[in-house]
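1. Here is the input, now give the coordinates:
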Amino acid sequence: MSLQQQTCPRFSEASVEQTQRNRERLGKGLRNAGELLDRMMKVVKLDRKAQSFTSNICHCRPPENRTPTPAEANFCRYIVENEIIIVRPKIIFAVGAFAAEQLLHCKVVMNQSGGKLFPLNIQGYETKLMPIYHPAYVLRLTGDQAATTKKVMGAWVREGLKLVPEIKQKG
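-> Prediction:
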């Protein structure tokens, strides 16, 4: 039995099988969001392996690959908060409104809050958080809207990094 199965009451073999079926059905589709995030980090001259840490608000995927409920995310809150305390990030890019809402404890509307820097205090550790669009959302857009949103996301991240001078961008 995996650690996720032991700690998360919502995790089940069925959700793993469903996720695997979705990956097979969609082929490369589910990995494209991660690839878009990788490309975006390269554009802003960040080395994802050496200069970033990626985590999830909910450490087990709910059935049907749906967005976790606040209760499910709350179940994993101590994991996320401890990761933040251990890693001590200078800035957190909350990927998608749900992630931002869970960390900021308030409603986040991306076209109003996206790209803005918010103070964040996790168990006494002070950092900054910037909501950005989820790459999966961007990949669903088409034409000019997709191109514009990708440029906006890149600009947000570049601006966020400028506000945190201790992060050294390569090249």
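2. where along the chain do the strands fall?
-> Using DSSP state E, the strands found in the chain span residues 91-95, 118-122, 125-132.
3. Quick one: work out the angle between the first one and strand 118-122.
-> Angle, strand 91-95 to strand 118-122, by axes from the mean of the first three to the mean of the last three C-alpha atoms, to 10 degrees: 100 degrees.
4. and if you look at the last one?
-> Between strand 125-132 and strand 118-122, the angle comes out at 130 degrees (the same axes, to 10 degrees).
5. what's the neighbour count on Lys128?
-> Counted with other C-beta atoms under 10 Å, the burial measure for Lys128 works out to 16 neighbours. Just so you know, the C-beta spots here come from the backbone N, C-alpha and C atoms, and that holds for glycine as well.
6. For it, which residues count as its bridge partners?
-> Legend: beta-bridge partners of Lys128 under DSSP bridges are Ile91, Pro119.
7. if we can go back for a sec, using a markdown table, lay out the strands of the chain together with mean pLDDT and distance to Gly160.
-> Converted to a markdown table, the strands of the chain look like this (pLDDT from 0 to 100; distance: least, C-beta to C-beta, whole Å):
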| stretch | mean pLDDT | distance to Gly160 |
| --- | --- | --- |
| strand 91-95 | 89 | 6 |
| strand 118-122 | 95 | 11 |
| strand 125-132 | 92 | 4 |
